[in-house]
Each structure stands twice: as C-alpha cells, then as structure tokens.
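Novice: Just need the structure, nothing else, for what follows:
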Amino acid sequence: MRSVYGEVEPASGTAFADGALGLPEDFWQRLTANPYGHDLFRVLRWIDARAGARKPLGRAGTPRDEPLRLRQTPSMAFAPSTLSSANCDGPNGIRELSIYSFGLFGPNGPLPLHLTEYARERLHHHGDDTLTAFADIFHHRLILLFYRAWADAQSTASLDLEGQQFSRYLASLLHMGTGGQQGRDSIPDHAKYYMAGHLLRQTRNPEGLQQILHTYFSVSVRICEFIPHWIHLKRDQQLMLGDAESALGRNTLLGAAVRDAQHKFRIELGPLRMASYTQFLPGAGKARQLLDWVRQYVGLEYEWDVQLVLDQRDVQGLMLGQSAPLGLSSWLGLRDPALGDARDVVLNLEQRMGAA
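Specialist: Sure thing, here's the model as predicted:
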C-alpha cells in the first residue's frame, strides 16, 4: 500500500496549518491522484496529527472547526477500498474525502438498496447531488465519530498529538510518571517505554537484558553468567588474632579477598566493526548508554563488565603516525589471522564511568 506519509514540511494555504507541524505540501495532490492506495483511518490520523485543528477530529462542536468534510459515494458494489476520491477544491477551499466503506448507502448500509440506486442515478446521470448532499450532513459526523471511537481505543494513534496520554500511561507503569523521573540519563524515555515488557517484570533474567541491548544497539549480544572475581573485604571483616567472634569453619575468612562467581556477569558485544567498536569505548556515547541500560535493568546489586569483540577484518598492528588508544584498539606487531576476532578488551564501565 502506497503511503503519503513522507517528510513533514510546513503546509501553506490553510488556516488549520497555523501553529502545527503541517502536512507535506504534496499530501493532498498525492492523495487525490491515488485515493485507492490509502487507508481511511491512517489518512484521518495523519490529518488529525498535522492539520493543526483546535480539537481532535470527532471532538469539535461544529464542522467549521474541522479541516475537512467527509462524504460517502453511493455505489452498489462491495467496497474495493475505503477511500473513493479526494477533492482539494471543495466549497470555501475545504478539503473533501469520499469513502465507500461506511455510510447509509451501499450493500452494507442500513437503507434499502433501491435508495442507493436512486441516489447514484441522480448523481451520475442527472448531476443532481441533492439526496447525497443531504445524507452527507449525517455522514460527516458519523464517520468522524466512528474514527474517534477507533482512535480512543488505540492509544498509540495519538502518540504524536499534543496532550497525548499514552506515554504517560507507560511511564506510570515504569515508575516514571512524574517529571523528575524522566530524562534522567542518556537513554531516551521512549526507548524505555518500548522496553516496558522487560522492565516491568519483577524477575530480571539474562534473556531480558540480552534482548534489550540487542534491540537498542542492533549488535550481537551474549550474556555470560557466573564470572569469577575477587570480593575485597573491609578491614573489620578480615580475620584478626584475638577476635572472640571468629569461629573456625563458620565465619572465619583468611586473606583480604574472597573469590566469588555468583555476583558477576559479563556482556559480550560483537563481533563489531571498528566504527561501532569505538562507540563502546570509555567516554563514547554508546558506552554511557550501555552503562545506563544495565543500571536500569539490573540495578547496582551485581558486578559486571563488558567484553568488546573486534571483527578480525579491522584488527591491525600499530603504525607510526597512526592514532589509536593504547590497550583498547591497538596491537604491537602483526596479529595472526588464525586467532580470529579480537577478544582482548574487557572493560569495567562502572569503575571507569560510573561516577561521571
């Protein structure tokens, strides 16, 4: 189905475009040339969002506050499409849309079929639109109410309208309903709304984090659990001679650190090409977003790090006159291609960027 929803440019020549983003300049021309290729609700939703009317379609008190007129084309055929025609040159410059699918006439309408035949005959053979124009007084209101009932039941249909509530509903589910909870980090709020299905669950699993990162960054992601690491003990938690509370085999620990594999995981990203690889290095934009996503989903309970896998096609030795961050994307000498992708870089972004 062809779409008229291209680049949005300010519309001209209509009072309803004032103060709004406006419809594309060729919106009505393209719609008039091929009305059969468009869906009624999609066209009305686009007009509702861009035409700049004072109230949403179906909510205005009088037709003068609405940017178009809706009519029904009397026809005995079953509707091949929802729209039958579009007219840019209606009375007083009002745009007009004629439809097949909903109204008093036609095989699906409530009126007897002989009235549809009569209305069509008067219109096409005698140029008399008296009956159809009278019926269109009711059609205009009925069709807009039909559209409004659909739009009110489809919360996402109002996403780009001023004063829409759908985002607030999702934000409230994510405990982001107040202004102070929005725009807190580098992740756009709408990206969090999109991931609401994962963020709403009380149990957080590796698959959820993997899906979030893969969808948002469009890179291959693997979550590795049970990564061994050392937990450093505070001074008062270490064993000291003369401590009466220490009991062998129960609460006694030797040394200044404990090896643990239950509280750390690793995020493996890649293989990445060099352009994407550098975006995840410390200080880059995607590195900050990765840190914020993990905090949003996991919190601060677990230790984690990220392993950046560089595609072997971009692994090159260090050369004089070439700038490359030491230890991150540079290698001394020639690397054996048989080693495959480079998996040398493992970063703890919490330590490097956590306080930033």
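
Novice: Only C-alpha atoms from now on, for both contacts and neighbour counts.
Specialist: Noted.

Novice: residues of the helix or strand Leu131 falls within that come out buried?
Specialist: Assigned by DSSP states H and E, Leu131 falls within helix 130-153. Within helix 130-153, the residues scored as buried using 16 or more other C-alpha atoms under 10 Å are 132, 135-136, 139-144, 147-148, 151.

Novice: Stretch 290-297 now?
Specialist: 290-294, 297.

Novice: would you list those in CSV and tack on secondary structure, distance to Gly52 and pLDDT?
Specialist: Shown next, in CSV, are the buried residues of stretch 290-297 (DSSP: H, G, I helix; E, B strand; the rest coil; distance: C-alpha to C-alpha, whole Å; pLDDT from 0 to 100):
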residue, secondary structure, distance to Gly52, pLDDT
Leu290, helix, 39, 98
Leu291, helix, 40, 97
Asp292, helix, 37, 97
Trp293, helix, 37, 98
Val294, helix, 40, 98
Tyr297, helix, 39, 97
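
Novice: Nearest to Leu83 among those?
Specialist: The shortest approach to Leu83 among the buried residues of stretch 290-297 belongs to Trp293, at 44.6 Å (C-alpha to C-alpha).

Novice: Check whether that closest one really touches Ser186, as I assumed.
Specialist: No. Counting by C-alpha atoms under 8 Å, Trp293 stays clear of Ser186, with 9.1 Å between them.

Novice: what residues are shared contacts of the two?
Specialist: Shared contacts of Trp293 and Ser186 (C-alpha atoms under 8 Å, 6 or more residues apart in numbering): none.

Novice: Report the separation between Leu332 and Ile94.
Specialist: Per C-alpha to C-alpha, to the nearest Å, Leu332 is found 72 Å from Ile94.

Novice: How about Phe217?
Specialist: With C-alpha to C-alpha as the criterion, Phe217 and Ile94 are 46 Å apart.

Novice: Equivalent analysis for Tyr118, please.
Specialist: Tyr118 is 27 Å from Ile94, by C-alpha to C-alpha.

Novice: of Leu332 and Ile94, who's got more company?
Specialist: Applying other C-alpha atoms under 10 Å to Leu332 and Ile94 shows that Ile94 carries more neighbours, namely 15 against 10.

Novice: Tell me what the residue lying closest to the more buried one once chain neighbours are set aside is bridged to.
Specialist: Excluding the flanking residues, the one nearest Ile94 by C-alpha to C-alpha, 6 or more residues apart in numbering is Leu68, at 5.7 Å. Note on Leu68: beta-bridge partners Arg95, judged by DSSP bridges.

Novice: ok now do Arg160, which residues does it touch?
Specialist: Not quite, residue 160 is Asp, not Arg. Applying C-alpha under 8 Å, 6+ apart, the residues near Asp160 are Ala49.

Novice: Secondary structure element holding it?
Specialist: Applying DSSP H and E, one finds Asp160 in no helix or strand.

Novice: re the thing from before, can you name every helix or strand that the helix holding Leu131 contacts?
Specialist: Applying 3 or more C-alpha pairs under 8 Å, 6 or more residues apart in numbering; DSSP states H and E, we find helix 130-153 packed against helix 40-50, strand 68-72, helix 113-125.

Novice: Quick one: the ones you listed as JSON lines, columns for mean neighbour count too.
Specialist: Shown next, in JSON lines, are these (neighbours: other C-alpha atoms under 10 Å):
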{"stretch": "helix 40-50", "mean neighbour count": "20"}
{"stretch": "strand 68-72", "mean neighbour count": "23"}
{"stretch": "helix 113-125", "mean neighbour count": "16"}
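
Novice: Can you get me a residue count around Ser101?
Specialist: 23.

Novice: how close does the residue lying closest to Gln182 once chain neighbours are set aside sit to Arg204?
Specialist: Leaving aside its sequence neighbours, Gln182 sits nearest to Met176 (C-alpha to C-alpha, 6+ apart; 6.0 Å). Look at Met176 and Arg204: by C-alpha to C-alpha, they are 19 Å apart.

Novice: More neighbours: these two, which one.
Specialist: It is Met176, of Met176 and Arg204, that has more neighbours when counted by other C-alpha under 10 Å, with 20 against 13.

Novice: which residues in this structure form helices?
Specialist: Per DSSP state H, the chain carries helices over the ranges 27-33, 40-50, 113-125, 130-153, 166-173, 189-194, 196-199, 206-217, 274-279, 285-297, 349-353.

Novice: With just CA atoms, put the first one into CSV.
Specialist: Meaning helix 27-33. The C-alpha coordinates for helix 27-33 follow below in CSV (Å, rounded to 0.1, in the frame of the first residue of the first chain):
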residue,chain,number,x,y,z
PHE,A,27,-0.1,15.4,0.7
TRP,A,28,-3.5,16.2,-1.0
GLN,A,29,-2.1,16.0,-4.5
ARG,A,30,-0.8,12.5,-3.9
LEU,A,31,-4.0,11.5,-2.1
THR,A,32,-6.2,12.9,-5.0
ALA,A,33,-4.1,11.0,-7.6
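
Novice: residues of that helix that come out buried?
Specialist: Applying 16+ other C-alpha under 10 Å to helix 27-33 flags 27-28, 31-32 as buried.

Novice: Ala171: neighbour count?
Specialist: Residues near Ala171, counting by other C-alpha under 10 Å: 21.

Novice: hang on, isn't it packed against Tyr193?
Specialist: Yes. Taking contacts as C-alpha under 8 Å, Ala171 lies within contact range of Tyr193: 6.7 Å.
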